[in-house]
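Q: What follows is a predicted protein model with its sequence.
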Amino acid sequence: MLNTTSALIAAAQPDNVALPTVGPDAVAIALRVNDATRTVHAEPRMTLAEALRGPLGLTGTKIACNRGACSACTVWLDGLPVCACMILAIDVGTRRVTTIEGLAQGETLHPVQQAFIEHDALQCGFCTPGLVMSCAALLERTAAPNADDIRAAISGHVCRCGTYPHVIAATMDATKAHKG
Amino acid sequence: MANQNLRTETFPAGIASVGLGTVERQISADEPPPLPPNSELAVIGKSFPRHDGRAKVTGAIRFTVDVSLPGMLHARVLRSPMPHALVRSIDIAAAARQAGVRAVLPIATADDPNRATVRYIGAPVAAVAAVSLAAANEALHLIRVDYQALPFVADMNEARNPGAPLVHDETTAPAGHPSGFPAAPNLPLNGNVRGPAIARRGDVTQGFAQADVVVEGEYSTQVQTHCCLEPHAIVADWRADGLTVYMSTQFTTGVRHELAEEFGLPLNRVRVIVDAMGGGFGSKSSLGDYGRIAVELSRRAQAPVKLFLDRQEEQMDSGNRPGTWQRLRIGAKRDGALTAISLLSYGTAGVALGAGVGFNAEALYSCPNFDGAQHDVFINAGPGCAMRAPGNTPGAFGLEQAIDELAERLAIDPLILRDRIDPSPVRREERRIGAERIGWQRRHAPGADPGPVKRGLGVAQSLWMANVQINSACEVRVMRDGSVEVLSSVQDIGTGTGTVMAQTVAEVFGLRPEQITVRIGDTEFPAGPPSYGSRATASITPPARTAAWRVLQSLLREAGLALNAAAEDLVAREGRIVVRNDPSRGMSFAEAAARLRTDRISAVASRSDDYPGFRRRMDDAALAQQDLGGVQFAAVAVDTETGIVRVERVVAVQDCGRPMNPRQIESQVHGGILMGLSYALFEERILDRQTGRMVNPDLEHYRLAGPRETPAIDVVILENYQGNSATDAYGIAEPSNIATAPAIANAVHNAIGVRLHSLPMTPAAVFSALGRIPQRS
């Protein structure tokens, strides 16, 4: 993961702006998720991961450690992969959220998704959405990632089934498909 | 069985890379004909993608944590902050009055002396169901518990001392299961020590007297936690007409039985469902405390209740691989022939049993004299449970290093020594292939590299049981439109069980696996096997093939009428049903199905006994005649200036009978190796012996091997045919995990010339072995 969530938030929030005090009761939070704006009523303490999985019903994003140590909950904020368990929904603001449900173009899978299937880069599948989001983000930002780039992009992801070798092979292959 | 119901058939037999022969078996008349070797098949033995791959990469597949029912409540469990205490009272009044709370369940109830004692930090004390997770969490803080602290012990060696605080008494100490797992029944209890479990053959005293060389060593292993990515999770829905449970479980059939017994329900009122499960590795084999709690809360609240553990609860109270200590003595003649092995072990599974070191020492090598004594030691820590090759994984860390040490003392190459003492022809071939792949001939003398980074090669072997669940059934249906379903309550733990079932059925019908709809993980379907003990494939693919074959016979009869041919002269292949000797006469599979008299036909088959019989049978489970082997080689680089061990390459040569889907098998072997590498170098539950508290109950301080620590892995799968069943397939999950840590340990010894006797092999442990820092007392 290249960007920490706190760095992203800091970059997005200028100094000297007094934020309004909200909560502890539920407030309306508008989120741009997978190209649609949806409003959820949630307590300000709700994380983005909880908002996605709960009121938004997007359960493809998984919570496994809930403290940024396993990257299972990886989504994109403005195209950059972040741990959705480490950012509050209310702090997302106007940034675009992309989840695993929003990665495919209709019926056409993202090349990383297709390559994961072909290379058997998944076993139980619980960490898979997060890994797919990190590998797909790498492909979007890097022209021709090599195996070390992929290792760097997915370090921080925990896969107990041990899919890393097939994940690396799949992403290398998807690189070709993406460019070709 | 009457003889007229048997027929004799000739099956392929042997290891494909060595050369196949045949074996004759008498099989029941309603068994399908012998399945040819994979090279002659269209679907089985090919690396088809998973049937649920698309659902998994799009996030569409439903895990238990994703289940949401109307009116569903959320539960949380209050856990003991004390390692050993008597609960004098639990006051739930304030919690019960809290807004949104629908049920409060006292668990460690003071009025029941058996339940009033908590024996580890994290033990359930009470539970709450509320309208939201937040409300449930807040209610936990309102429960007042009056604990009377009791003396505790959180260290295995201290627990063995006379006068150590007692974790259990005779009435509460687990006593072992009739089937022998996790420990033999009726073992004596002395203080905190249950055992010994004795295994003996020959006379070790005589054996050691005959030995030219005796090696002796002590080996210890740490506690490893399962770290399933999906937490233990259940949604319990208790209704007047029955109980439905969605659960992340390795065994729907077993959980259904547990629920029926626990809550006094008939089996036909209990349904267990799991669509996808996010890993188990042994820790999701049974109902568990959390399962009982959720069902009871649902019963009381009269609403569905969802309960999943957070990561801290996962680490402290969802099971673990017990820590072990063993002392091994091995005697041998100058040519390597073993004369005696003696094994003494102590291990701890916390408040539970199951901390033995398995049967490697007893059974891996030919040795006439063996004496084993294994002990469980209770301490005030969370219960251990089965984890990927329980017993044999910690056990092999000792035995395979001891055999390596013996080879060194005898000045015999470790592979040549194993050729002499290992009776398995399968592992012999695996050693040959693996040695070639890793480049064994370049292995140098221990510690021979001149620079600070020293490289080494090591080998280790595994031994595991070929388990079969007899209580395994499968239904296959063909619809009138030619669509096909395969159904069983068996669950897919992540290994691809549903995919190999689809392949099996597709092969019979001459279809493609994607044409078969897989319906599994639901006890509404015929009872399937557990996904543990490396037995799911071995148990469910034979009845899948048998059921499909029986349905096909009906279909061929219908087609035969239309084609004016006898059913036995027809074959199903490439989507068609054709006359064997005149393939121009035929019809499509769908056309044949359209001729059915009813909308669908189906057959249910159950797992037959292995054709040559079983070695042993225990209730629903059985052991095949043969063992599962596996040999792994590791290449490591040890930086003697930092103490860091880097595994550069692993070669794994494994066998699992007939490989059903090579790429899925390769995936599983990767998992076994990485779990073993992580065990060898990184993972450790750190329990503070002063407080009994796990100090790293998370995924950042509990260190796991990640992508950067993943070596190059070379997997070779033997095709090893035995003519044992309708598919001849066995398991791979556990054997692939056993040999990794000892192979790495032997490679580390080859690199630095010093042997490490305990896990994990951290930089500090390497420095300590090199004499660079004082030994810890």
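A: That came through, no problem.
Q: dump the residue contacts of the nearest residue to B:Ala29 once chain neighbours are set aside.
A: Of all residues not flanking B:Ala29 in the chain, B:Asn5 sits nearest, at 4.9 Å (C-beta to C-beta, 6 or more residues apart in numbering or on different chains). (Glycine included, C-beta is placed from N, CA and C.) Taking C-beta atoms under 8 Å, 6 or more residues apart in numbering or on different chains as the contact definition, B:Asn5 lies against B:Ser28, B:Ala29, B:Asp30.
Q: Please, which helix or strand holds the closest residue to chain A within the stretch 451-600 of chain B?
A: Across the stretch 451-600 of chain B, the shortest distance to chain A (C-beta to the nearest C-beta) belongs to B:Gly494, at 2.9 Å. Under the criterion DSSP states H and E, no helix or strand holds B:Gly494.
Q: Nearest the middle, which residue of chain A would you pick?
A: Nearest to the geometric centre of chain A sits A:Val75, at 1.2 Å (C-alpha atoms, centre = their mean).
Q: So it, which state does it fall into?
A: What DSSP: H, G, I helix; E, B strand; the rest coil gives for A:Val75 is strand.
Q: how far away is it from chain B?
A: To chain B, A:Val75 is 10 Å away according to C-beta to the nearest C-beta, to the nearest Å.
Q: Tell me who's in contact with that residue.
A: A:Val75 sits next to A:Leu48, A:Ala49, A:Leu52, A:Thr61, A:Pro81, A:Val82, A:Ala84, A:Val97, A:Thr98, A:Thr99, A:Ile100, A:Met133 when contact means C-beta under 8 Å, 6+ apart.
Q: how deep is B:Ala566 tucked in, by neighbour count?
A: Burial of B:Ala566 is recorded as 11 neighbouring residues (other C-beta atoms under 10 Å in any protein chain shown).
Q: Which of the contacts of A:Val75 sits closest to chain B?
A: Using C-beta to the nearest C-beta, A:Ile100 comes nearest to chain B of the contacts of A:Val75, at 3.6 Å.
Q: Isn't the closest one up against A:Met133?
A: Yes: in this structure, A:Ile100 is within contact of A:Met133 by C-beta atoms under 8 Å, at 6.2 Å.
Q: Report the beta-bridge partners for the residue nearest to the centre of chain A.
A: A:Val82 (DSSP bridges).
Q: got a pLDDT number for it?
A: Here, the pLDDT recorded for A:Val75 equals 98.
Q: B:Ala136 is in what secondary structure piece?
A: Element membership for B:Ala136, per DSSP H and E: helix B:133-140.
Q: average pLDDT for that helix?
A: According to the model, helix B:133-140 has a mean pLDDT of 96.
Q: Stretch A:29-43 now?
A: Across stretch A:29-43, the average pLDDT comes to 96.
Q: Report the buried residues of it.
A: Within stretch A:29-43, the residues that count as buried by 16 or more other C-beta atoms under 10 Å in any protein chain shown are A:Ile29, A:Leu31, A:Arg32, A:Val33, A:Asn34, A:Arg38, A:Val40, A:Ala42, A:Glu43.
Q: I'd like the distance between the closest residue to chain B within chain A and A:Ala51.
A: For chain A, the residue closest to chain B is A:Gly60, as judged by C-beta to the nearest C-beta, at 1.9 Å. Plainly put, A:Gly60 is 14 Å away from A:Ala51 if you go by C-beta to C-beta, to the nearest Å.
Q: which sections of the chain are below the confidence cut-off?
A: Going with chain A. A:1-17, A:179-180 (pLDDT under 70).
Q: Chain B, not that one
A: Along chain B, the parts satisfying pLDDT under 70 run over B:1-4, B:774-777.
Q: Which residue ranges of the stretch 501-650 of chain B form strands?
A: For the stretch 501-650 of chain B, the strands defined by DSSP state E, counting those that start in this stretch occupy B:516-520, B:570-573, B:576-579, B:582-588, B:600-606, B:616-618, B:621-628, B:631-639, B:645-655.
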